[in-house]
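Enquirer: when you get a sec, could you give me coordinates for this:
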Amino acid sequence: MALHSCHYHGEAKSLRFVAAGYDDVPKERQPIILGRIRFPKSGGMTLQTNSIERAVAAARFFAPHLGPRVVAMRCRVVNRCFAADEGAPDELIKTLDREVTVIDPRAAEVEWEEDVKDVSSMEDYERASAKRLEKKLESGKDVPLVEDYPLAPEEETPDFQHLSMGLSFRLMRAVEHWRGNTHLTLTAIIVRAVEEGMRGQGGASPA
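Expert: Below you'll find the predicted structure:
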């Protein structure tokens, strides 16, 4: 089977970078690879990129072109930051396929069903949710280095807010670990963001 490669050099030339324009990128670093699209199996497509912002932008770009029957099913992310001297982007992105931890959505569903099996009111539901969150915080359980987790296409918004939020929280955690705050788990990052949001809106933080 022939493998075809397309470099959208013209499209990439319109990009603007923080410190320089495309013409300032060294010739040996051109063309800039925005992402790689593959079709590993019939009826499936993967998009591989080394930028969270680019991943979300790609989802928002492709969705209206591919139509409602094509949905984002899973996301794979490396939950750490890399230093510039750790290797070229083309090499670092291969980390996505090493020692992958695949998250089973059914496992979380079973656990949640057990937590809410005796719930009969909204107050009970809120207490169960708070207890579950507290249990996750106390356990110290965190995301793996290379995480392949399920998305919820039936709940996703047209502009992929859920995908964006999930990746943004993971980026916050990666940055905190880069700064040495390795005790912070993804759950702790989410709780902190929610509490800061509530304070910003003038609300009280949960006890």
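Enquirer: next one, pLDDT for the most centrally placed residue in the chain please.
Expert: Nearest to the mean C-alpha position of the chain, counting by Cα atoms, centre = their mean, stands Leu167 at 2.8 Å. Leu167 carries a pLDDT value of 96.
Enquirer: A helix includes it, no?
Expert: Yes - the assignment for Leu167 is a helix, going by DSSP: H, G, I helix; E, B strand; the rest coil.
Enquirer: wait, it sits on Ala55?
Expert: Yes - here Leu167 reaches Ala55: they are 6.6 Å apart, a contact under Cβ atoms under 8 Å. Glycine gets a C-beta too; all of them are placed from N, C-alpha and C.
Enquirer: now do the shared contacts for those two.
Expert: Contact criterion Cβ atoms under 8 Å, 6 or more residues apart in numbering; residues shared by Leu167 and Ala55: Cys75.
Enquirer: returning to that earlier point: spatially nearest residue to the residue nearest to the centre of the chain, not counting backbone neighbours?
Expert: Nearest residue to Leu167, sequence neighbours excluded (Cβ to Cβ, 6 or more residues apart in numbering): Ile52, at 4.7 Å.
Enquirer: what's the answer for Arg76, then?
Expert: If the residues on either side of it in the chain are set aside, Arg76 comes closest to Asp148, at 4.4 Å by Cβ to Cβ, 6+ apart.
Enquirer: so which strand or helix has the one you found?
Expert: Asp148 is part of strand 146-150 when elements are defined by DSSP states H and E.
Enquirer: Ala152 and Gln161 touch, don't they?
Expert: No - look at Ala152 against Gln161 with Cβ under 8 Å: they stay out of range, at 11.8 Å.
Enquirer: joint contacts of the two?
Expert: Jointly contacting Ala152 and Gln161 under the rule Cβ under 8 Å, 6+ apart is no residue at all.
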